[in-house]
Structure formats: structure tokens, C-alpha cells
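**Q** Sequence first, then the predicted structure, then my questions.
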Amino acid sequence: MRVTQARTAPAPTIIRLPSRVDLVIAPFFAADLKRKTKPGAVIVLDMSQTQFVDPSMMNIFLSGVIRCHTEGAQLVARNMSLQVRQVFQRAGLLKHLQEHGTH
């Protein structure tokens with residue numbers, strides 16, 4: 001008889017973003033995202049409270065996407081309002097913040 005252990009996916013790491021994502025929170029968000037990016041990690045950006053994202057923040061999100069790709073992690077945004085979704089769409093980042101196989 002052979003016993004095997006099933007590999008389970010790691011529990012996602014959740015980063016809850018505030019109602020306004022702007023340059024005031026930029027250094028804290030960037031540091032938190034960098035610290036949580038590890039091989040195999042699934043990092044979920046909970047944007048359920050987020051009503052405004054300063055377009056100047058797109059560099060930080062882009063850096064996070066690149067770092068996650070390089071490290072073998074996945075960055076997923078959830079619960080985006082229509083306005084926030086449009087900011088990411090215009091920046092070309094929306095497709096990089098979705099789970100594989102979803103649109």
C-alpha cells in the first residue's frame with residue numbers, strides 16, 4: 001500500500017486596501033506587498049473599501065505584478081468598484097490582477 005500526501009494550495013495572503021489609495025499610503029503598501037511576495041504565494045488585494053485609486057499609483061501596482069511574476073507568486077485584485085476597475089483597465093493592469101482562467 002502506498003500513502004501519498006496531497007499538496008494543498010497555500011492560503012492566500014490578503015492585503016486590505018483603504019478607501020483612498022494614493023501617495024500617502026504608497027510606501028506602506030509597496031513595502032507590505034514586497035514583504036509578502038514569496039514563491040508560490042497568492043496575494044489577494046481586497047479592494048472592497050476602495051473608492052479611489054490615484055493613477056500615479058499604477059507604478060507600484062506594476063512593480064508588484066512584475067515582482068510576483070518573477071518570484072512565482074500570484075497577485076489578484078478582488079471586489080473592485082467600477083471606477084477603480086476602469087483605472088486599472090486604462091493602465092493595462094486589470095488583466096494582470098485576475099486569477100488564472102478568469103476574466
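**A** Thanks, I have the structure now. Because the structure is predicted, anything quoted here is derived from the model rather than measured.
**Q** Only C-alpha atoms from now on, for both contacts and neighbour counts.
**A** Noted.
**Q** Between the two ends of stretch 19-30, how far is it?
**A** 17 Å (C-alpha to C-alpha, to the nearest Å).
**Q** Now for Val65: which residues touch it?
**A** Neighbour list for Val65: 75, 96-97 [criterion: C-alpha atoms under 8 Å, 6 or more residues apart in numbering].
**Q** For these, which single residue is the most surrounded?
**A** Top of the contacts of Val65 by neighbour number is Leu75, holding 25 neighbours under the definition other C-alpha atoms under 10 Å.
**Q** so what pLDDT did it get?
**A** On pLDDT, Leu75 comes in at 96.
**Q** and the helix or strand harbouring it, what does it pack onto?
**A** Following DSSP states H and E, one finds Leu75 within strand 74-78. Using 3 or more C-alpha pairs under 8 Å, 6 or more residues apart in numbering; DSSP states H and E, the elements in contact with strand 74-78 are strand 42-46, helix 58-71.
**Q** okay, those, which one's buried deepest?
**A** strand 42-46 (a mean of 20; mean count of other C-alpha atoms under 10 Å).
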